[in-house]
Structure formats: C-alpha cells, structure tokens
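**Q** Please work out how this folds:
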Amino acid sequence: MHDTPSPFSLRQRLGLYWEFARPFTLLAPALGMLSGGVAALGAQPPWPLTRTVFLDLFLGTLMAAMLNAASNTLNQITDPAGDRVNKPKRPIPRGRISMAEAWWVTAILGAFALILAWLVGFQCLLLATAAAILTTIYSMPPIRTKARGIWANVTIAIPRGTLLKVAGWSCVRTVIAVEPWFIGLIFGLFLLGASSTKDFADIKGDRAGNCRTLPIIYGVRKAAWMIAPFFVLPFLLIPIGSMAGILTGNPLALRLLGLGLAAWGGYVVYLILRDPDALAATENHPSWTQMYLMMMAAQIGFAVSYLL
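**A** This is a model prediction of the structure:
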C-alpha cells in the first residue's frame, strides 16, 4: 500500500471519496430514517406535515446517510488487512487514498452528520451520537467488537436497526414513547442475525484481520442455524404489536406486512440452510441479496402502513 496517492483533479478526488464512502450501502439507512419519520407522521394521533417537519425529515435523512458513510470509511481504515484479501480493489488496498486523507474524510463526514442531527433536534443528536459511538466501537481498537463474535452483530444491530428508526421518529415527535422503540426493536432483532450474512463470504479476509465472526467461531453450518430465526421471528412482532395497540398504523396493512416479511424470511432461511457451505463459497450469496431487499421492503412497508 502506498503512503501517498497519485494526484488527481478535484473532480476525480471527489469521485474517489464517493467510492470510498460505498454509496450503494447508504440507501438503506437513508430510507430507514425517512421511514421512521413517516411512521411518526401517521401514528395516532396524526401529526401535520409542516414546512419545519419536512425540513427536519430531509436533514435527518441526509444525516443518516452521512453517518453511515463515516462508519464505512472508518471500517476500511481499521481493517486494511482484511480488505486486502476480501476487497482488494477498494481505495486503501489499491493505494489510491492515503491513511491520513482517509482519516480526514471520515472525520468530516462524521462531524457533518452530527451537525445535521443537532439541527434536527436534541433527541436526534443524542441518538446519532450513540450510533456514532457504537459504530466506532465496532471498528476501533482496543474494543473493536468486529473481532468479538456476537458483539459485532450487537454493535451493528443497535445503531443501524433500533436507533436508526427511533432517530427518524425524532424528526417529527418525541421518542419518549413505546411505539418508536418497539419499531426499532423489530429492525434491531432482524439485523442481529441478518448482519452476519456477509461474514460467510469474508471468512478468509476476516481471519487475516483477526476478526472472529460467527462463522469463524462456530463454523459455517452452526452459524447458519444461529442466524436463521432472526429472518422470521422479528417480523411476527409486527402483527403482535398491532393487535396489542402498540403499533398504531393501519392494522390490516401492518398484519399483512409482518406475515409477508416472515414468509419471505422463511424462504431466505431455506436458501441458507439447504446448503450452508455455499454461503462461504459464494461472494454474493442469494441470501445476502434477499436480506437487503427484505430490509428495504420492511422500511417502505412501515411507511405505507402508517400513511394508509
């Protein structure tokens, strides 16, 4: 790896930073934040969509994307050994960006994200700060939960599942209520298992980077069985929450959403368990694609259920 990258024009440099942030992964957190805010608008009693609320939703959505980008870049900074094996074409392994420059990009992204959260409100700032701390703990020594088995899943699930939805809610109304945290719990539990999907294909690089993920600790087959329930059970909480009066969106839409996602998750479990060894043999196993699509569908489904 080169210490000093070759000079580029400003346009090329910005393009490199965009690549470094892994833009494809930013859609899910942005949509998750927006979905949480839309759910807050439609929750009982309904909240009016004022110009201020619209602006807060926009700023919050941008904040979620930038905070996730900062997490992505930090993860690449702290895991060059793993990326040299699993993702050798990324900017750091290819020497197209120096470590010093990578740190600056990460710091700027994180700072702007927290500024945007502050502009939305105090609750959003607290939630974004907590998410930033957890994602830093995930990547950074000495704790570096990425190397600590199930704790890696926990420090992904809480910020990118639970806190993301609650932060979206905070763009509209107070989070001192059961409903936003119940919604966040559903997404957090899903990611607690589903976040391991990519670990199977990354075993070789994770070993090089001293990361003890679930497939490395327990083996491919046992780890596959461990994560399987998290594709189904969290979504059964949606109809349960609706019947209990915790979720105040459209009852029929929520129940259909929960049952539909649980059935979809059952199909993903089938893909995983019919040949667990294939998870480690394929870079982009179909289960990972299905997991990502499930997350997007769940975000959209919640928003629609609360708008009806």
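
**Q** State the pLDDT value of residue 282.
**A** pLDDT recorded at residue 282 is 68.

**Q** what about residue 130, neighbour count?
**A** Using other Cβ atoms under 10 Å, residue 130 has 16 other residues around it. Just so you know, the C-beta spots here come from the backbone N, C-alpha and C atoms, and that holds for glycine as well.

**Q** who are the neighbours in contact with it?
**A** For residue 130, the contact set (Cβ atoms under 8 Å, 6 or more residues apart in numbering) comprises 159, 163.

**Q** any idea of the pLDDT on the nearest residue to residue 195 once chain neighbours are set aside?
**A** The shortest distance from residue 195 to any non-neighbouring residue, by Cβ to Cβ, 6 or more residues apart in numbering, is to residue 156 (4.4 Å). You'll see residue 156 listed with a pLDDT of 95.

**Q** May I ask you to confirm that residue 156 is in contact with residue 138?
**A** Yes. With contact defined as Cβ atoms under 8 Å, residue 156 and residue 138 form a contacting pair (6.5 Å).

**Q** Of these two, which one has the most company?
**A** Between residue 156 and residue 138, counted using other Cβ under 10 Å, the more crowded position is residue 138 (26 against 22).

**Q** Report the rounded mean pLDDT for the helix or strand that contains that one.
**A** Assigned by DSSP states H and E, residue 138 belongs to helix 122-139. Averaged over helix 122-139, pLDDT sits at 97.

**Q** Next secondary structure after that helix?
**A** Next along from helix 122-139, by DSSP H and E: helix 150-157.

**Q** tell me which strands and helices that following helix is in contact with?
**A** helix 122-139, helix 178-194 (3 or more Cβ pairs under 8 Å, 6 or more residues apart in numbering; DSSP states H and E).

**Q** one step back: tell me which residues of the helix holding residue 138 come out buried.
**A** 123-125, 127-132, 134-139 (16 or more other Cβ atoms under 10 Å).

**Q** got the angle for that helix vs helix 178-194?
**A** Here the directions of helix 122-139 and helix 178-194 differ by 10 degrees (axes from the mean of the first three to the mean of the last three Cα atoms, to 10 degrees).

**Q** In the chain, where is pLDDT below threshold?
**A** In the predicted model, the chain carries pLDDT under 70 at residues 1-8, 282-284.

**Q** Could you identify the longest helix within it?
**A** helix 51-78 (DSSP state H).

**Q** in it, what counts as buried?
**A** Buried residues in helix 51-78 (16+ other Cβ under 10 Å): 53, 56-57, 59-78.

**Q** name the helices or strands packed onto that helix?
**A** helix 10-20, helix 27-42, helix 91-94, helix 99-120, helix 122-139, helix 164-170.

**Q** possible to save those as a markdown table with distance to residue 268?
**A** What follows is the helices and strands packed on helix 51-78, written out as a markdown table (distance: least, Cβ to Cβ, whole Å):
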| stretch | distance to residue 268 |
| --- | --- |
| helix 10-20 | 29 |
| helix 27-42 | 16 |
| helix 91-94 | 31 |
| helix 99-120 | 31 |
| helix 122-139 | 24 |
| helix 164-170 | 21 |
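
**Q** ranking these by burial, who's on top?
**A** helix 164-170 (a mean of 30; mean count of other Cβ atoms under 10 Å).

**Q** Just give me how far it sits from the chain centre.
**A** 13 Å (Cα atoms, centre = their mean, to the nearest Å).
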